[in-house]
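need coordinates for the following:
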Amino acid sequence: MATINLGSIKFNWKGAYNNSTAYAVDDVVSSSGNSYVCIQASQGNAVGNATAYWNIMSAAGTNGSNGTDLSSLLSTRGDLVFKNASALARLAKGTEGQVLGQGANDPAWVNGSAKTLTTQGDLLYRDGSGLQRLAKGTAAQTLQMNSGANAPTWTTVAAASADWVKVGSTNVSSGVTLMSLNYFSSTYNTYRIIGRDIKGDTTGNGALNFRVNVGGNASTSDQYSSAQYYVERGSSTSSGHQGEYNQGILNLGAWDMPDLNNNNAVWYIDMTFYNVNTSKYKVASYKYGGIRNGGAAILDVSGSLNTTNTSALTGITLYKSNSTLFTGGRFTVYGLKE
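Model prediction:
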């Protein structure tokens with residue numbers, strides 16, 4: 001039987017052209033992005049020049065959509081290509097942990113943790129380099145700018161502080177002959193004493209007297225002077241002004257205090273000393289009064305006083321004029337911040 005040589009019934013792919021390889025008809029090679037088919041057995045005849053041995057099967061297209069050679073544009077592993085305002089451009093690879101974000105116009109790498117809000121209550125802000133995470137604050141904190149005024153920060157705001165600061169208190173629950181309130185110190189120069197629910201015993205109620213304290217004890221060598229105005233209103237009204245001059249103890253008025261059996265009658269006192277730590281005479285203003293005569297009258301007294309004491313005061317001592325007892329009272333002392 002006769003044999004018919006049909007030759008190759010398909011192309012034989014040989015890969016990239018090699019000048020030392022012997023090629024047969026229908027062998028196919030690649031070179032510079034083109035594909036060539038061998039039309040005549042050959043060795044050492046370059047595909048681009050020996051047209052008698054090679055036909056082009058497919059020609060390489062233009063690199064990139066606008067003719068840019070991406071192999072030269074992307075110079076480093078991890079680079080990305082993007083379209084800027086006029087052409088394809090390279091975005092250099094970011095660093096570990098960065099994520100791809102959007103700048104004003106073009107993409108950009110940003111700190112990965114900056115865009116990660118990991119906890120409920122986190123905030124996102126921008127610093128000098130990009131977006132950053134501000135972890136949530138704690139209860140009652142407020143958001144403020146830091147000392148450099150370039151980033152937000154959580155701040156714990158101190159509770160509001162009053163100008164008057166409580167420095168001590170004394171309560172009377174049983175009979176005492178005097179009330180010594182030694183709460184003055186060099187911390188403040190102005191002190192306020194507030195007393196309420198003041199009562200005496202049943203043995204001659206007595207009026208309210210006082211001395212200043214030096215070194216924790218009542219000073220008996222001072223001279224006291226006062227000027228005051230009073231109003232008393234009951235079934236009728238009486239008013240007037242009175243005072244004392246250079247007395248060894250200061251009587252704040254001629255009115256008897258309410259006694260412990262009179263539940264409807266209580267007194268108050270409010271005294272302010274202004275210069276307790278100076279070497280000058282000491283001055284004070286005061287108000288006192290309350291309900292008298294079993295609720296039948298109301299008394300209000302306002303006045304000023306001074307003492308010849310030039311030492312630093314440590315407090316005051318309250319007395320009853322007839323040396324009877326205090327049986328009730330709540331006294332609180334405050335210092336004034338200056």
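
what about K199, how many residues close to it?
Applying the criterion other CB atoms under 10 Å, we find 22 residues in the vicinity of K199. Quick note: C-beta positions are derived from backbone N, CA and C, even for glycine.

now it: how far from G328?
Taking CB to CB, to the nearest Å as the criterion, K199 is separated from G328 by 4 Å.

what's the answer for G137, then?
As defined by CB to CB, G137 lies at a distance of 49 Å from G328.

more neighbours, these two?
Here G137 and G328 are set side by side on neighbour count (other CB under 10 Å), and the busier one is G328, at 22 against 15.

which SSE is that one in?
Using DSSP states H and E, G328 sits within strand 326-336.

Provide the secondary structure category for S72.
Classification of S72 into helix, strand or coil gives helix, according to DSSP: H, G, I helix; E, B strand; the rest coil.

that one: neighbouring residues, count only.
When neighbours are counted by other CB under 10 Å, S72 registers 9.

which residues in the stretch 101-250 of the chain form strands?
Using DSSP state E, counting those that start in this stretch, the strands of the stretch 101-250 of the chain run over residues 107-110, 123-126, 131-134, 142-145, 152-155, 164-172, 178-181, 191-200, 208-214, 217-218, 224-233, 237-247, 250-251.

can I get these in CSV with distance to T310 and mean pLDDT?
Converted to CSV, the strands of the stretch 101-250 of the chain look like this (distance: least, CB to CB, whole Å; pLDDT from 0 to 100):
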stretch, distance to T310, mean pLDDT
strand 107-110, 72, 85
strand 123-126, 60, 85
strand 131-134, 59, 84
strand 142-145, 48, 90
strand 152-155, 47, 92
strand 164-172, 23, 92
strand 178-181, 21, 88
strand 191-200, 17, 89
strand 208-214, 10, 89
strand 217-218, 16, 91
strand 224-233, 14, 86
strand 237-247, 15, 82
strand 250-251, 17, 81
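
which one of those strands lies nearest to K320?
In this view, these are compared for proximity to K320 by CB to CB, and strand 191-200 is the closest at 5.9 Å.

so what sits opposite the residue nearest the centre of the chain in the bridge?
Ranked by distance to the mean C-alpha position of the chain (CA atoms, centre = their mean), the top residue is T155 at 2.4 Å. Counting by DSSP bridges, T155 is bridged to T142.

that one contacts T138, correct?
No - with contact taken as CB atoms under 8 Å, T155 and T138 are classed as non-touching, separated by 10.6 Å.

only the buried residues of the strand holding G328, if you could.
By neighbour count on 16 or more other CB atoms under 10 Å, the buried set for strand 326-336 is 326-329, 331-335.
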